[in-house]
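S.K.: sequence and computational prediction follow.
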Amino acid sequence: MARALYIHWPFCLAKCPYCDFNSHVRSNTDHAAWKAALLADMRHEAITVGSAGPLTSIFFGGGTPSLMPPALVADLLSAAEKQWGFSPDIEITLEANPSSVEAASFADLASAGVNRVSLGVQSLREEVLRFLGRLHSADEALEAIGIAQSNFARVSVDLIYARPDQTEAEWATELAEGLGLGTHHISLYQLTIEPATRFATDVRRGVFDPLDDDNAADLFALTREMTSAAGLPAYEVSNHARPGQESRHNLTYWRYQDYIGIGPGAHGRRCDVATVRHRKPENYLSAVTSQGHGIAEERVLGPREQASEALLMGLRLAEGVDLVTLARRFDVQPAALIDDAKLDLYSDLGLLKRRQNRIAVTPQGMPLLDALLGELVQAELVTS
């Protein structure tokens, strides 16, 4: 049963050129209307899933949730606690941009109940922030990190690397600065040119060339080496933390546990059903008004599809997956999950490791994860 709740706030002050998330720029936002809609969407989920025990995590994503009025955050948390209850050590995360305007609300967000923030710093270099379309400065980011650390029990920082023409020396210097900020969790993402983004248009027009795969792989290896040496080893492809400081909410996804998703474009997995909310904010509000929830699609997931998704998610983690446990959970044979011949091949090549029933991708295999998953997961499992 669902023990995690995701709440999507779709609005941003500007659309970053690399971003393909469900984010929208609007000149005005009717906070009262959004409060009513999100509460109604939450009530629908509570009625649908019933009492699933207390929530262990809540995540406000976006968009830019730090633009939400703290009073609205408090109201949503109060409603969630009334609907499901909170575990004593619940993790409540809110994504935030490190601008001075948003940092000014950190104390109020903490008072509302948020106890973990994920700061979208993205770079500590002014020229890179401009290239990435960010609205904050490096100095603002550093100040916001300090304010966050004084208000929240847990702080995570996001940085983007493998940028055009970036060298190992440049990234080593910037990453060392990031690791020196004193946060216990850091998310390090390679710049990916996503379709239908401004960067995709820029690349097509020859404005810039993405970093080539070989150099990106070298930066990935450097990242793993430096974070491990700093005591924040990778526990997922792009996420690094001190032991015990991993994002519990994101582990819910990667371990393929149930979660509720509300708000525009939010996905959910609960009771063997996948849910997807309307993406466009106006369509979402209209749907909630007409039907009492924002669901655009609701689909029953078969055991084989769930097993496939669980494999694809679980192999992102350093801990990997236990094939016998997974097979038992979805009532399939272990041999139906993974191509044994490919498993032996890639284990011999050092890209995978196997210990009894558990398999995991090695650090050497992680840069090739997408290709490995396509080779390993049984074709009939993926397509069934």
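M.R.: Received the coordinates, thanks.
S.K.: what about the closest residue to Val324 other than its chain neighbours, distance to Phe330?
M.R.: Once flanking residues are discounted, Val324 sits nearest to Asn357: 4.2 Å by Cβ to Cβ, 6 or more residues apart in numbering. Quick note: C-beta positions are derived from backbone N, CA and C, even for glycine. Remark: distance between Asn357 and Phe330 (Cβ to Cβ, to the nearest Å) = 15 Å.
S.K.: circling back to that earlier point, next, count neighbours for the residue nearest to Val324.
M.R.: Asn357 has 13 neighbouring residues, counting by other Cβ atoms under 10 Å.
S.K.: and it, what does it touch?
M.R.: Contact analysis of Asn357 by Cβ atoms under 8 Å, 6 or more residues apart in numbering lists 322-325, 334.
S.K.: how does it look with 10 Å?
M.R.: By Cβ atoms under 10 Å, 6 or more residues apart in numbering, the contact set of Asn357 is 321-327, 334.
S.K.: in the chain, which residue is most central in space?
M.R.: Asn250 (6.1 Å; Cα atoms, centre = their mean).
S.K.: element containing that residue, please.
M.R.: Per DSSP states H and E: Asn250 is located in helix 248-254.
S.K.: out of the contacts of Asn357, which end up buried?
M.R.: Using 16 or more other Cβ atoms under 10 Å as the burial test, those include 321-323, 326-327 as buried.
S.K.: export those to TSV and tack on pLDDT, secondary structure and distance to Pro243?
M.R.: Listed next are those as TSV, based on pLDDT from 0 to 100; DSSP: H, G, I helix; E, B strand; the rest coil; distance: Cβ to Cβ, whole Å:
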residue	pLDDT	secondary structure	distance to Pro243
Val321	96	strand	20
Asp322	95	strand	20
Leu323	93	helix	25
Leu326	93	helix	24
Ala327	92	helix	29
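S.K.: where do the helices sit along the stretch 151-300 of the chain?
M.R.: Taking DSSP state H, counting those that start in this stretch as the test, the helices found in the stretch 151-300 of the chain are 168-179, 198-205, 213-229, 248-254, 281-291.
S.K.: who touches the shortest one?
M.R.: Same thing as helix 248-254. The contact list for helix 248-254, computed with Cβ under 10 Å, 6+ apart, reads 2-6, 56-59, 61, 87, 89-93, 116, 118, 154, 187, 235-237, 239, 246-247, 257-259, 267, 269, 310, 312-317, 319, 321.
S.K.: repeat that with 6 Å
M.R.: 4, 57, 59, 91, 93, 259, 313, 316-317 (Cβ atoms under 6 Å, 6 or more residues apart in numbering).
S.K.: next up, phi/psi of Ser137, please.
M.R.: Per-residue torsions, Ser137: phi -100, psi 170 (degrees, to the nearest 10).
S.K.: leaving out the residues flanking it, which one is nearest to it?
M.R.: Glu126 (6.4 Å).
S.K.: that neighbour and Ala138 touch, don't they?
M.R.: Yes - using Cβ atoms under 6 Å, Glu126 is in contact with Ala138, at 5.4 Å.
S.K.: where does pLDDT dip in the stretch 51-200 of the chain?
M.R.: Scanning the stretch 51-200 of the chain for pLDDT under 70 picks out 51-52.
S.K.: and the helix or strand containing Ala310, what's its mean pLDDT?
M.R.: Ala310 belongs to helix 303-314 when assigned by DSSP H and E. Confidence for helix 303-314, expressed as mean pLDDT, is 92.
S.K.: state which strand of this protein is the longest.
M.R.: With DSSP state E setting the assignment, residue counts place strand 86-96 as the longest strand in the chain.
S.K.: just the strands in this structure please.
M.R.: Using DSSP E, strands in the chain cover 4-9, 55-62, 86-96, 116-122, 154-161, 185-190, 239-241, 259-262, 267-270, 273-277, 295-300, 321-322, 352-355, 358-361.
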